[in-house]
Structures are given as C-alpha cells and as structure tokens.
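> can't give you the sequence, but here's the structure:
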C-alpha cells in the first residue's frame, strides 16, 4: 500500500491506549482526573482525610444536579409562557429575562391604568404597590420606562399592543 503520511485526508491508525497516554502526557502534561467530591476533615496532625462514602456523595450530587436542571427548565418554560402573554416584549431581538419582566411590569401598570380610568379599580386596590418612574419600586440603576405621552391609558394600551391583521 505504501506510506500515506503525505496524503491529505488520509487517516492514520490510532496507537494503542498505553502508547497514546504516554504520547499525550509528554505533549500536554498529565491527563486530567476526577476531582474528589467528598467532604474533607482536618485531622489532628494537620492532614485532611475524606469523610463518607464517595459513591453516596456522587449519587446525591447527581440527584441535586437533576433537580436543579428541572428547576431551571420550569423557570424557562414560565418565562416562555410570559413572553407569549405580554405584548410589550421587544421583538427586534431575543428578549432577555429582565426584558420580559420589565415588559410584564409595564403591561400590568398599563392595565391598572385602564382599570383606574374606567372606574374598575379604586386606588389602593389590587394588593400590589404602584411602580412609578423615579419611585421606590425600581432600582436606581434600572432604565426608566419610555414616556408614553399625554394620551389616556386606553390610547397608550392600544398603541402598545401589536396590531392584529
């Protein structure tokens, strides 16, 4: 067959694992190893020793990781549902979670204004505190909402909602 070292795209045989480990350790240093996941306790002589069963710790860690992944999945699906419900979410780019929360707060504020203007909501009703620009409900570093002009709330809400064909 001949020597194919100079042929581009030719696959060379992989060396046996023992030889490959030696070659890689010469080129890149020692191979990585799993970090200890057990709790350590300092002994009277100053040396640390592992506590507990490493398999049990590993199993608990896997269970906690799966639980956290499920929690994040639920949180993300909640944000997806909120993005679908709130019409004020920016559509020019993929909105962040903070954008979604800001848009939801602004939409709720607009809806409360509509209810207040039509007599459906008395001041202080609704159980929530009003978040107003410059008020105590917004962190000082958060961007202020854009001014909506002097039109009544119904007009502001209609202007904010996407047009249906």
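Received the coordinates, thanks. Model, not experiment: these values are computed from the prediction.

> pLDDT below threshold where in this structure?
In the predicted model of the chain, residues 1-7, 34-37, 121-165 satisfy pLDDT under 70.

> can you do 50?
Low-confidence segments of the chain (pLDDT under 50): 1, 131-154, 164-165.

> all strands for it, in order.
39-42, 48-51 (DSSP state E).

> out of those, which is closest to residue 25?
Nearest to residue 25 among the strands of the chain is strand 48-51; the distance by CB to CB comes to 26.1 Å. Backbone N, C-alpha and C define where each C-beta goes, glycine included.

> same for the closest one, what does it pack against?
Secondary-structure packing of strand 48-51 (3 or more CB pairs under 8 Å, 6 or more residues apart in numbering; DSSP states H and E): strand 39-42.

> max-length helix in this structure?
helix 54-85 (DSSP state H).

> relative to residue 105, how far out is the spatially closest residue to residue 90 that is not a sequence neighbour?
Spatial nearest neighbour of residue 90, excluding adjacent residues (CB to CB, 6 or more residues apart in numbering): residue 99 at 5.9 Å. Residue 99 sits at a distance of 11 Å from residue 105 (criterion: CB to CB, to the nearest Å).

> and for residue 112?
On the measure of CB to CB, residue 112 and residue 105 end up 11 Å apart.

> swap in residue 38?
Separation of residue 38 from residue 105 (CB to CB) stands at 45 Å.

> kindly report the same for residue 40.
Here residue 40 is placed at a distance of 46 Å from residue 105 (CB to CB).

> of these two, who's got more company?
residue 105 (17 against 11; other CB atoms under 10 Å).

> and for residue 89, the neighbour number?
Using other CB under 10 Å, residue 89 is surrounded by 19 other residues.

> ok, residue 110 next?
By other CB under 10 Å, 20 other residues sit near residue 110.

> equivalent analysis for residue 74, please.
As a burial measure, residue 74 scores 10 neighbours (other CB under 10 Å).

> same question for residue 9.
5.

> now do the contacts for it.
For residue 9, the contact set (CB atoms under 8 Å, 6 or more residues apart in numbering) is empty.
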